Each structure stands twice: as structure tokens, then as C-alpha cells.
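Student: curious how this folds, go ahead:
(one chain, ligands or ions: 1)
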Amino acid sequence: MGFSLQVSLPPPPPLPPLTATNTATFTLIRPVTNLRFKPPLCASTQQQLVVSEENELKSINGAPEENVPLPLGLRRESIPRHVAVIMDGNRRWARLRGLPVDSGYEAGVKSLRNIAELCCKWGIRVLTIFAFSSDNWFRPKMEVEFLMSLLEEGLKEEMGSFLRDNIRITVIGDLTKLPKSQVELIRNVEETTKNNTRFQMIVAVSYSGKDDLVQACQRIAMKVKDGVIEPSDINESLIEQELETNCTEFPYPDLLIRTSGELRVSNFMLWQLAYTELFFAQSLWPDFGEAEFIEALRSFQRRRRSYGG
Ligand SMILES: CC(C)=CCC/C(C)=C/CC/C(C)=C/COP(=O)(O)OP(=O)(O)O
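Tutor: Numbering: from 1, shown residues only. Below you'll find the predicted structure:
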């Protein structure tokens, strides 16, 4: 749906296309409530602009990844659609530097931002991160609270970028143990970003792959009990539909990366990882940067995926 705004520039300089970085130079003349992305109002600007919502969204949310060259040695046609990550080694990273554990998690968030941006840039469609496992509740209370506060701050701070960059956020896991305010924030972010299509980040919080399967079994058992389906109707596709990854078009990660040299999947996406290619990096998660990510993607592209056939 379009809206129009008058131009009052004597005479207007050539306007660059709207991008995520130059929108602050434009002022909308009247408040617009139906925009998914709202350019910040800039008091100092002299410019007023005619723009349509359609054009704005096209300019910002187009598919720039198609024009961005991939790093040397990576082929666009076999870029994984879904990458899952076990971000391991944050505390070790901090301890190695004599820093408090919290600094390790903060450094981990920086690394996550970097990898998520690269995913967006290179056309990876889904990134699932293991942010907090159901077993992590047994960590010291202060540590748990700090991790949860990072999640909360991250969601609040990045909300503008999610909308601007057409990013969908989904949280999976058992949220019943989280404070009500955090659950509300999560549901709000999910709802606000649910129609975004360029990139989806799935955040696994209080997550357990076994629990995901147990919940799916319970829901299916209820359907049998209620006479909605017969036991013989239970098949892979039905189970897939009941798992938490029913939130994405690409529920099966093509590539799982685990950092810090540990060689386990630790109860992460047990069903979904059936045919996933695994990559174990030596780097601790805060050190896992662009070079290591490229190495993981190159390794993925060298694999022959036969799915057992
Ligand atoms: C979305 C969001 C804000 C995420 C939080 C940030 C973040 C990096 C979380 C990782 C959580 C975690 C339990 C990692 C495991 O490594 P570990 O830290 O236990 O490391 P260790 O194996 O060295 O003890």
C-alpha cells in the first residue's frame, strides 16, 4: 500500500536510493503507522522526500545477497540453506584471558552478530543457534540470569535491524521456565517479524532435542486418542509437523557447526540432524569469525550428500 509525501526542496540534490544506512538523511512529513520500517526522524535535515512504502521495502529488503560476491572458493548454488550452530567455548575463552565468565558470553554475542550478518549477506536462509539448553538451568543462578538478560537486551536492541533487514526471529524451547515479561517480549518479536522473509534466525532457548520429540509424540498421541488420526497415519511428515522446527520452511539443517573442539551434538535438534553435515571447529565461539565460517562452508561444499542412497 503506498502513501505520498510532498517534496519541498529548492532544488533537490540527486537522491541516492534508500538504503539501510542513509535513511537518516530523510524526514517523513507526516507520521506513517503502517510502515514495517520507520526511518528515524532527523531534525537537522532540510530534505523531505516522496517515497512509497512499496519502493522503500524493495530498496531495503531486496535480495542484495544475489549481487554480493561470495568469498573465493564458495559456490552460490550450494550455499547451505539452513546452518545450525552450537556456540561452545565462551566460558573457556573468558577464563583463558582471566576475565569473568560474563565477558565470554558478551564476546559470544558479538561473534553471533557477525556470523548472522554473514549468513544474511551470503544468502543462507536460516540460522539456528543453541543459545541455552534445558541443562543450562543447572548453571549458577547469576550466570543463567546474565544469559537471559543478554537474550532480552539483544532482542530489544536489534528489533529495528530485524525489521529493516527483513529478518524473522523465532524462539524454540520450553519457555515456561522464563519470566513472563521475557516470554511476552519473545512472542512480541516473533509476531512482529513473522512475515519477514529474507533470513530467519531460530533461537533455541531452554531447548532439548529429546523434549521436542516427547512433545511431538504427546501431541500425536492426543490426536490418535481424539480419533483425528489412526496410529497407521503416523509417519515422518506428521512428526516433522509437530516438531518445533515447523516454524521454518527449511527444518533440516544442511550444516551443523560446533566450536571449541567438542565432538558431540549435545541433545540439539536430534531428529532434524539426521542427514546434516557436521563441522567441528577448534576455535572457541568468540574467536569463530569470517575465516573459520568460510572454512566450514568450503568443507560443506566439498561433501557429497547422498542421504544414504
Ligand atoms: C541469543 C543470545 C543472546 C545468546 C547468548 C550468547 C551465547 C553465546 C550463548 C551461548 C550459551 C552457551 C551455554 C554456550 C556453551 O558454551 P559455554 O559458554 O558453556 O562454554 P564452555 O564450554 O567454555 O564452558
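
Student: CA atoms for contacts and neighbours, from now on please.
Tutor: Will do.

Student: tell me the secondary structure at the closest residue to P231 other than its chain neighbours.
Tutor: Spatial nearest neighbour of P231, excluding adjacent residues (Cα to Cα, 6 or more residues apart in numbering): V224 at 6.4 Å. At V224 the chain is in helix, as set by DSSP: H, G, I helix; E, B strand; the rest coil.

Student: and if you look at Q182?
Tutor: What three-state DSSP gives for Q182 is helix.

Student: and it, how far from R113?
Tutor: Distance of Q182 to R113, given as Cα to Cα, to the nearest Å: 21 Å.

Student: so which of those two has more stuff around it?
Tutor: The neighbour comparison of Q182 against R113 (other Cα atoms under 10 Å) goes to Q182, with 16 against 13.

Student: next up, the contacts around that one.
Tutor: Q182 sits next to E152 when contact means Cα atoms under 8 Å, 6 or more residues apart in numbering.

Student: just the mean pLDDT for stretch 208-216, thanks.
Tutor: Mean pLDDT, computed over stretch 208-216, is 98.

Student: err, stretch 280-291, not the other one
Tutor: 98.

Student: gap between the two ends of it?
Tutor: Stretch 280-291: ends 14 Å apart by Cα to Cα.

Student: how about stretch 244-255?
Tutor: Stretch 244-255 has its terminal residues 18 Å apart, counting by Cα to Cα.

Student: name the residues of it that are buried.
Tutor: Neighbour-count burial for stretch 244-255, counted by 16 or more other Cα atoms under 10 Å, picks out 244-245, 247-248, 251-255.

Student: okay, and which of the residues you listed map to strands?
Tutor: L255 (DSSP state E).

Student: after the helix or strand of the chain with the lowest mean pLDDT, next one along is what?
Tutor: Least confident helix or strand of the chain, by mean pLDDT, DSSP states H and E, is helix 53-61 with a mean of 35. Using DSSP states H and E, the helix or strand that follows helix 53-61 in sequence is strand 82-86.

Student: export only the CA atoms of that next one, formatted as PDB.
Tutor: Extracted as PDB, the C-alpha positions of strand 82-86 are listed here (Å, rounded to 0.1, in the frame of the first residue of the first chain):
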ATOM      1  CA  HIS A  82      20.000 -23.800   6.900                       C
ATOM      2  CA  VAL A  83      23.000 -23.600   9.200                       C
ATOM      3  CA  ALA A  84      22.800 -24.700  12.900                       C
ATOM      4  CA  VAL A  85      25.400 -23.700  15.400                       C
ATOM      5  CA  ILE A  86      26.400 -24.900  18.900                       C
END
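
Student: does it reach the ligand?
Tutor: No. Against the ligand, strand 82-86 shows no contacts by Cα under 6 Å from any ligand atom, the least distance being 7.1 Å.

Student: what pLDDT does the residue nearest to P231 get?
Tutor: 98.

Student: now N196: how far from the ligand?
Tutor: As judged by Cα to the nearest ligand atom, to the nearest Å, N196 and the ligand stand 19 Å apart.

Student: could you do G154 as well?
Tutor: With the distance defined as Cα to the nearest ligand atom, G154 ends up 6 Å from the ligand.

Student: please enumerate the helices of the stretch 151-300 of the chain.
Tutor: Using DSSP state H, counting those that start in this stretch, the helices found in the stretch 151-300 of the chain span residues 180-193, 209-225, 236-242, 290-302.

Student: interface residues of the chain facing the ligand?
Tutor: 87-92, 105, 108-109, 131-132, 147, 150-151, 154.

Student: swap in 8 Å and give it another go.
Tutor: Taking Cα under 8 Å from any ligand atom as the contact definition, the chain meets the ligand at 86-93, 101, 104-109, 111-112, 129-133, 136, 147-155, 203, 260, 284-286.

Student: from these, which land in strands?
Tutor: 86, 129-133, 203.
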